[in-house]
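**Student:** Dropping a prediction and its sequence here:
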Amino acid sequence: MKPDLTTSQVHLRSGADAEWAHGLAAVYIGFSIAYAPGMVRWADIRFSHRFADGPAPTWLCGTGHTVACRKDVARTLLAAAISALDLFGLIRLVGNAAQTAAPEHWYPMLMMICGLEVIWAVKHTIWPRAPPPKNAAADQRRSPHLERP
């Protein structure tokens, strides 16, 4: 099944029982909206470095990495909120509790994802990430594509 909310709504309105994939469609949309711009930026930086002689990606450490983790918490909360609203709309549109029981199991999963993200940010607040090693061997291990034999 195509993970698309509209397809899920049409499928459920035709009388089908909801499955976990219908809930996955809502979660997919929420996380795509919240995380897609950052993922594209991440890929662009690495692609331009690898193929277009762009600058090397920066290694966040210390306060910079802690701030990035906190921004990820905000993005994850946004994604979970969008997903929960999508799920709520899907369930309300169908209007049959017996038919939409499976997608409701995504709510605790969204809460768990948000909780883990908060724990991760708190961990990096208490113990910030150390800077990468400065020796050449470590740089070669981290970025093997910088120099080709």
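**Tutor:** Alright, I've got the coordinates. Numbers count the residues shown, from 1 in each chain.
**Student:** Excluding sequence neighbours, find me the nearest residue to residue 45.
**Tutor:** Excluding the flanking residues, the one nearest residue 45 by CB to CB, 6 or more residues apart in numbering is residue 57, at 5.1 Å. To be clear about C-beta, it is placed using only N, CA and C from the backbone, and glycine gets the same treatment.
**Student:** do residue 120 as well
**Tutor:** Excluding its sequence neighbours, the residue lying closest to residue 120 (CB to CB, 6+ apart) is residue 69, at 6.2 Å.
**Student:** following the helix or strand hosting the one you found, which helix or strand shows up next?
**Tutor:** Per DSSP states H and E: residue 69 is located in helix 63-94. The helix or strand immediately downstream of helix 63-94 is helix 106-126, counting by DSSP H and E.
**Student:** ok, and what's touching that next one?
**Tutor:** With contact meaning CB atoms under 8 Å, 6 or more residues apart in numbering, helix 106-126 is reached by 20, 23-24, 26-27, 65-66, 69-70, 72-73, 76-77, 80, 83-84, 87.
**Student:** Now do the SS call for residue 44.
**Tutor:** Following DSSP: H, G, I helix; E, B strand; the rest coil, residue 44 is assigned to helix.
**Student:** No more questions from me, cheers.
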